[in-house]
Structure formats: C-alpha cells, structure tokens
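Asker: need the 3D shape of this:
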Amino acid sequence: MNGRTPNNSESAGIGQGRTLAAALAFLLLFCWRAQAEQSLEVAWNPSTAGGVAGYMVYYGNSSSNYTQSIDAGTNTSLTVPGLQEGQTTYMVVVAYNAQGMQSPPSNEISYIVPGALSVLSKAQPRSPTYLSFVAAPGHTYTVQASVNLTTWSTIWRTSATTNGWVQCEDPEGANLKMRFYRLVMQ
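Answerer: Numbering: from 1, shown residues only. I've put the predicted structure just below:
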C-alpha cells in the first residue's frame, strides 16, 4: 500500500472495472450459446375449390395446438420465421373465402429445426461420449474431433433421410482429458 487515498475518479474507475468484469462473467455463464432463429420455406398446392380468397398457415410447438399464424394472401408458399433450433414445429394450411370462412385444415406436418451439436454428459469416468444434433433430409453430416483445435479428424458421418435427432458415440472421448467437436453439414 502506498498510503494514498484514491480520489473520486479513481474510485469510480475501479468500480466500473468490477462492474464490467461482473457483467462479462454473467454473459459468459448465462449466454454461452446463442440460439439462432431459423426460418422454413413452406409451399402447398392451390385449392381447387371455387371462391378461395387466400391461405392461412397456422403453426406451433405442439400437435394440433397452433399458437401463431401467417396470412399468405393468394400465394401458395411463404417463409415461416422465428423457429428455434431443436424444437419441433407443427403446421397446417387452410384456405379462406372473401367472408373469412376457412376450409378444414390440410394434413399436419411437423419439422424439427436443425441446430447445434450437443455433447451429452458422461455417466461415469471412462465411459463413451455421446453427441446429439438435429438433421434435415438431403444433407450429409460429418462429426469431427480435435484435441488442439488445429488438427481435426472425422469420427462419424451420416446422410439424413428424414428430419429428426441423430445421436453418435465417440468411444475415444473417454480416453482423453480434453476433446473438441464440430459438425460439418454438406
């Protein structure tokens, strides 16, 4: 200690530094992974019934419980925005006439929104590491691993034929103190 008492501006600087450090720690602890919103392009065949003035798309996160809707007007396609990775979205389309009366809904479709790679906790030491992610049809997914973030090796590859969760195992992960993973979609 130098025996000097800090003036008000020095005290304020120290307090601001601590506040900034606390805010940064909070962000790192609670916002470590941003969940990106995604969108989905949907399309349907036009109704053959007369008097159709437009179409409504209803969607939500549980079957037959649609909490949101989008009026497509006379278009037979639209983009559904704001979908969260890892969630299943259910949707139907209805036609409506000039008076606003709606047709029965189309068949319901469901879509699992693709997302980031999740590493599942090891149950016991020396047990395999499991990785999970959502895959979309028509894509090939490659899981790669590294111990230094410089050299990557492919540990698993699959081609998705349906929309859903995929899980793979990294048996080598149990033998390593630290392991990094990345998911490559083609």
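
Asker: output stretch 145-152 as PDB, restricted to C-alpha atoms.
Answerer: Taking Å, rounded to 0.1, in the frame of the first residue of the first chain, the C-alpha atoms of stretch 145-152 are listed here in PDB:
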ATOM      1  CA  ALA A 145     -13.000 -34.200 -33.300                       C
ATOM      2  CA  SER A 146      -9.700 -32.500 -32.200                       C
ATOM      3  CA  VAL A 147      -7.500 -32.200 -29.100                       C
ATOM      4  CA  ASN A 148      -5.900 -28.900 -30.100                       C
ATOM      5  CA  LEU A 149      -8.400 -27.000 -32.400                       C
ATOM      6  CA  THR A 150      -5.900 -27.200 -35.200                       C
ATOM      7  CA  THR A 151      -6.000 -30.800 -36.400                       C
ATOM      8  CA  TRP A 152      -9.400 -32.300 -37.000                       C
END
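
Asker: tell me the mean pLDDT over that stretch?
Answerer: Mean per-residue pLDDT for stretch 145-152: 92.

Asker: start the count at 55 instead of 1 going forward.
Answerer: New numbering, starting at 55: the last item is stretch 199-206.

Asker: burial count for the nearest residue to residue 151 once chain neighbours are set aside?
Answerer: Spatially, and ignoring its direct neighbours in sequence, residue 151 is nearest to residue 105 (4.7 Å; CB to CB, 6 or more residues apart in numbering). All C-beta spots, glycine's among them, are computed from the backbone N, C-alpha and C. For residue 105, the neighbour count with other CB atoms under 10 Å is 11.

Asker: thanks again, I'm all set now.
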